[in-house]
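Enquirer: I would like to see how this sequence folds:
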Amino acid sequence: MRAAVLSFPGSNCDQDLVWATQQVAGGCAEIVPATATTLSGFDVVMIPGGFSYGDYLRSGAIASVAPVMTAVRHFADAGGFVMGICNGFQILTAAGLLPGSLQSNTQLDFVCAPTSLKVENVRTPFTNRFAPGTTITLPIAHGEGNYYADAGTIAELEAHGQVVFRYRENPNGSVHDIAGITNRAGNVLGMMPHPERAVESLLGGTDGLGVFTSLLAATKEATYASR
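Expert: As a prediction, this is how the structure comes out:
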């Protein structure tokens, strides 16, 4: 698996993703700047957490129109796997690659804590190594993680199995306790919790490793046009 880890001014989890992919999951990862115009040759695109462009205007707004995002759209349209974590999730919604938006936490505070999640859908490229109904613990660290979409969109997400991760105890007010979703095709994932921060026992747990090993398995079978 060859992963492109995007890096915007203000990204601060890009090296964490490189480490999780390369040193722990056994893949190959490369930092790709926001100015890049192609993602040819990669199997996966990862958009890290942080504060891209200082979260100026609103989280993910400026990053969503950075040059590399045109390449991300082409990559996703061709069936390539795209994963956005925390600020990466915000960028994907701002870019229109995922429905809904991430708003300020209902308590208006930044939350940073281990959080219990249910893996709702194990039939995705990002979760195929989890058992159905598995509960995992991943860290969260965000001030705008409150997922919102209108009632019609939420109904579609639920009906088509696009809710992939759900909070056991909602930490931010997200509608339907949503912690992570995919697009309808299932090849684009956005999630607020940080799996890359839970891949080694030394860091408090390894529940996040399944996301990376799932991608590793999925890329072995992928035949999308961008490869």
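Enquirer: contacts and neighbour counts: CA atoms only from here.
Expert: OK.
Enquirer: what residue lies at the spatial centre of this structure?
Expert: G84 (2.8 Å; C-alpha atoms, centre = their mean).
Enquirer: Please name the bridge partners of that residue.
Expert: I47, G190 (DSSP bridges).
Enquirer: Quick check: it vs A179, distance?
Expert: Separation of G84 from A179 (C-alpha to C-alpha, to the nearest Å): 12 Å.
Enquirer: same question, V122
Expert: As judged by C-alpha to C-alpha, V122 and A179 stand 15 Å apart.
Enquirer: And the two? Which one has more around it.
Expert: It is A179, of V122 and A179, that has more neighbours when counted by other C-alpha atoms under 10 Å, with 28 against 19.
Enquirer: Just list the residues touching that one, thanks.
Expert: Counting by C-alpha atoms under 8 Å, 6 or more residues apart in numbering, A179 touches L117, Y147, V163, V164, F165, R166, Y167, M191, M192, P193.
Enquirer: Most neighbours among the residues you listed, please name it.
Expert: P193 (30 neighbours).
Enquirer: re earlier: common neighbours of G84 and A179, please.
Expert: In contact with both G84 and A179: M191, using C-alpha under 8 Å, 6+ apart.
Enquirer: got the buried residues for the helix ranked longest in the chain?
Expert: Longest helix in the chain by number of residues, with DSSP state H as the criterion: helix 209-221. Neighbour-count burial for helix 209-221 flags L209, G210, V211, F212, T213, S214, L215, L216, A218, T219 (criterion: 16 or more other C-alpha atoms under 10 Å).
Enquirer: Repeat that for stretch 77-93.
Expert: Neighbour counts using 16+ other C-alpha under 10 Å place 77, 79-93 of stretch 77-93 among the buried residues.
Enquirer: what stretches of the chain score poorly on pLDDT?
Expert: Residues of the chain that meet the criterion pLDDT under 70 lie in 223-227.
Enquirer: all helices of it, in order?
Expert: Counting by DSSP H, the chain has helices at residues 14-19, 67-77, 87-94, 151-159, 209-221.
Enquirer: hang on, F81 packs against G190?
Expert: No - applying C-alpha atoms under 8 Å as the test, F81 and G190 come out as separate, 11.2 Å apart.
Enquirer: Thought V111 was touching E144, still the case?
Expert: No - look at E144 against V111 with C-alpha under 8 Å: they stay out of range, at 9.2 Å.
Enquirer: More neighbours: which of these two?
Expert: In this view E144 and V111 are compared by other C-alpha under 10 Å, and E144 has more residues nearby, 24 against 17.
Enquirer: Now for the closest residue to V122 other than its chain neighbours: which residues touch it?
Expert: Excluding its sequence neighbours, the residue lying closest to V122 (C-alpha to C-alpha, 6 or more residues apart in numbering) is N128, at 4.9 Å. N128 makes contact with V122, S214, A218 under the criterion C-alpha under 8 Å, 6+ apart.
Enquirer: quick check, nearest of those residues to F42?
Expert: Within the contacts of N128, the smallest distance to F42 is 13.4 Å, found for A218 (C-alpha to C-alpha).
Enquirer: Give me the distance between the closest one and S52.
Expert: Distance of A218 to S52, computed by C-alpha to C-alpha: 28 Å.
Enquirer: do P9 as well
Expert: Look at P9 and S52: by C-alpha to C-alpha, they are 6 Å apart.
Enquirer: out of those two, which sits in the busier spot?
Expert: More crowded of P9 and S52, by other C-alpha under 10 Å: S52, with 26 against 13.
Enquirer: Go ahead and confirm the more buried one touches L6.
Expert: No - judged on C-alpha under 8 Å, S52 makes no contact with L6 at a distance of 10.7 Å.
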